[in-house]
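1. model the structure of this input:
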Amino acid sequence: MVKVKLTEKLDSEILVVGFGTVDKKLKIEAGPSQIDTAALLATLIAMGASGKADEVIKLPGKNCKIIAFTGLGEIGSGIEVETLRRAAGAAARELSGNKSACFALPSKSVVEISAIAEGACLGSYSFHEFKGNSKDDNKQALSQVSVLTKFATTAQAKEVAKRAEIIAEQTFLVRDLINTPPSHLTPISFSEKIKKLAGKYGVKIEILNASALKKGGFGGIIGVGQGSVNPPCLVHLSYKPAKPKKRFAFVGKGITFDTGGLALKPANGMEAMKADMSGAAAVVAAVFAIAQLKLPIAVDGWAPLAENMVSDTATRPSDVITIYGGKSVEVLNPDAEGRLVLADALVKATEVGKKSGGLDAIIDVATLTGAQVVALGTRTSAVMTNDDQLCDQFLSASAISGEQFWPMPLPVELRASLDSPIADIANIGERMGGMLVAGLFLKEFVDPQIPWLHLDIAGPAFNTGTAHGYTPVGGTGIALRTLVCLAELACSQR
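-> All right, here's what the predicted structure looks like:
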């Protein structure tokens, strides 16, 4: 866990400052550090430094051991909050092997302090749990982040510093869950880990095992998980403050490993399918973060967990299953499994929400389709909805969090491709626009009177490229921060 400290003077052997360009000329942005920039700037220019994003250059300092310069890019028209967040994260990544660093990036408000603290914390991540003989060779991430600021003693600044610690703690939980190999993360071990944490955060938990799921009629989760020796389960988290202003339900896809079932995936890239539970991880961590922040928002988190494997008991193409609530589905493709477990959980979440006084919104999060990556790439997630106002609120939350989401349509003309001659609906339809078709499938299991968002995070959830900003290789933790920001925005609404 990373600790955040606000300070008015340098308190580390490492000082982090920014640098970028104004009209193509290099400029150092050292915040309140008051360092002599002239000689340092000349050295950077002589080294051919560019000041671009993700560039980090370390030089010896006079009053500290190291001065780390982190790229801000073009800053002539001002420095955006997300630029500060990413620059702090990039520096933190490059400073692995050190215990602490003091960040003196330019900040004129508590919002910017929050971004610097959050970025530095998010960049201070490492995952070495499964290293054996080489574990000692791996550099540990920063354990303390100091932010140099004139606002150090203000209550608001202290509040955002604590928030940054919480966001990092829960983001690390998401990343750790995603990075854990499927040999060690099964539906049951996932649920047991969450159960241990729930009490710590004051969150109630209920776990429906395979027997309860069969008895309850959860055909989607059972149908996907029946081919595996590791049985499926459904995790239900509940955080209910005394006087909630809003009531949300979060539903996350939790396929702990996806072979594609009898629609077996090709070997190339299958190793990344341990990340197919990213939605479930984001959802449970978001509930924990909301509880830690003591937000007056009631939240139910649902994580349908299953392993999609190949065996003689696996669901076959053309099998018909019955989703919780009674709607039948013809499973034309066992590799379109995420929507099946989500369908069960969406119906159950709606049922529980209505009994608890109604839902203001239901949001599902899933690494659902390869079509999302084709459409939006690996850094931008998709948003689909039945309520434009909720979508606007979510995109406002996304702008605050710095996570990239883009609204996508649910074209009515694609719905007919999901028709089945023998069941209520098929689990796949038109190939073109596959991301949208998947969204239309899920829409069938959502009460049209309840505002709903579907987040497809297939590409951004797992970084198979190079690290950038505060984003490491592997699990990223996408969606968690925006879900928390959405809850925070809801607190300010009447």
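2. rest of the way, CA atoms for contacts and neighbours
-> Will do.
3. for the stretch 1-150 of the chain, which segments are assigned as helices?
-> Ranges of helices in the stretch 1-150 of the chain, per DSSP state H, counting those that start in this stretch, are 37-46, 81-94, 110-123.
4. which one of those lies nearest to residue 281?
-> Closest approach to residue 281 among these (Cα to Cα): helix 110-123, 16.4 Å.
5. that closest one - contacts with which helices or strands?
-> Here helix 110-123 touches strand 3-7, helix 81-94, strand 144-148, helix 155-179, going by 3 or more Cα pairs under 8 Å, 6 or more residues apart in numbering; DSSP states H and E.
6. how about the ones you listed in TSV, adding distance to residue 15 and mean neighbour count?
-> Shown next, in TSV, are the helices and strands packed on helix 110-123 (distance: least, Cα to Cα, whole Å; neighbours: other Cα atoms under 10 Å):
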stretch	distance to residue 15	mean neighbour count
strand 3-7	12	20
helix 81-94	10	27
strand 144-148	9	25
helix 155-179	18	21
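7. list the buried residues in the worst-scoring helix or strand of the chain on mean pLDDT.
-> Every helix and strand in the chain was compared by mean pLDDT, DSSP states H and E; the lowest is helix 37-46, with a mean of 94. For helix 37-46, burial by neighbour count (16 or more other Cα atoms under 10 Å) applies to 40, 41, 44.
8. which one of those residues sits closest to residue 146?
-> Nearest to residue 146, judged by Cα to Cα, of these is residue 40 at 22.2 Å.
9. domain map for the chain?
-> 3-148, 169-491 (automatic domain parsing).
10. in its sheet, what does the longest strand anywhere in the chain sit against?
-> Secondary structure of the chain read by DSSP state E shows that its longest strand is strand 297-308. Here strand 297-308 has these sheet partners by DSSP bridges: strand 233-239 (antiparallel), strand 246-252 (parallel), strand 254-258 (parallel).
11. output the below-cut-off pLDDT ranges for the stretch 151-300 of the chain.
-> Residues of the stretch 151-300 of the chain meeting the criterion pLDDT under 70: none.
12. pull up the gap between residue 103 and residue 20, please.
-> Residue 103 sits 16 Å away from residue 20, taking Cα to Cα, to the nearest Å as the criterion.
13. swap that for residue 145, please
-> According to Cα to Cα, residue 145 stands 22 Å off from residue 20.
14. ok so, going back, need the buried residues of helix 37-46 in CSV (columns: distance to residue 402).
-> As requested, the buried residues of helix 37-46 are exported to CSV (distance: Cα to Cα, whole Å):
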residue, distance to residue 402
40, 31
41, 30
44, 29
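15. which one of the residues you listed is nearest to residue 379?
-> Using Cα to Cα, the buried residues of helix 37-46 come closest to residue 379 at residue 44, 30.5 Å.
16. distance of that closest one relative to residue 87?
-> According to Cα to Cα, residue 44 and residue 87 sit 17 Å apart.
17. which one of the strands paired with strand 297-308 is the most hemmed in?
-> strand 254-258 (a mean of 30; mean count of other Cα atoms under 10 Å).
18. check the offset of it from the chain's centre.
-> Computed by Cα atoms, centre = their mean, to the nearest Å, the chain-centroid distance of strand 254-258 equals 16 Å.
19. swap in stretch 285-304?
-> Going by Cα atoms, centre = their mean, where stretch 285-304 is centred and where its chain is centred differ by 14 Å.
20. going by neighbour count, which residues of that stretch are buried?
-> For stretch 285-304, by 16+ other Cα under 10 Å, it's 285-293, 295-304.
21. following the longest strand of the chain, which helix or strand comes up?
-> Following strand 297-308 in sequence order, the next helix or strand is strand 319-322 (DSSP states H and E).
22. tell me the strands beside whatever helix or strand comes next after that following strand, with direction?
-> If you walk from strand 319-322 toward the C-terminus, the next helix or strand you reach (DSSP H and E) is strand 328-331. Partners of strand 328-331 in the sheet, by DSSP bridges, are strand 319-322 (antiparallel), strand 425-426 (parallel).
23. and of those strands, who's closest to residue 355?
-> Residue 355 lies closest to strand 319-322 among the strands paired with strand 328-331, at 22.8 Å (Cα to Cα).
24. same question for that closest one, mean pLDDT?
-> Strand 319-322 carries an average pLDDT of 98.
25. hang on, the earlier thing: make CSV from the helices and strands packed on helix 110-123 and add distance to residue 246 to it.
-> Shown next, in CSV, are these (distance: least, Cα to Cα, whole Å):
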stretch, distance to residue 246
strand 3-7, 30
helix 81-94, 28
strand 144-148, 34
helix 155-179, 21
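26. residue 476: which of the ones you listed is closest?
-> Of all the helices and strands packed on helix 110-123, helix 155-179 comes closest under Cα to Cα, at 5.8 Å.
27. angle of that closest one against strand 3-7?
-> Angle, helix 155-179 to strand 3-7, by axes from the mean of the first three to the mean of the last three Cα atoms, to 10 degrees: 150 degrees.
28. who are the packing partners of the helix or strand that comes right after helix 155-179?
-> The first helix or strand that comes after helix 155-179 along the chain, using DSSP H and E, is helix 187-200. Judged by 3+ Cα pairs under 8 Å, 6+ apart, the packing partners of helix 187-200 are strand 204-208, strand 233-239, strand 254-258, strand 297-308.
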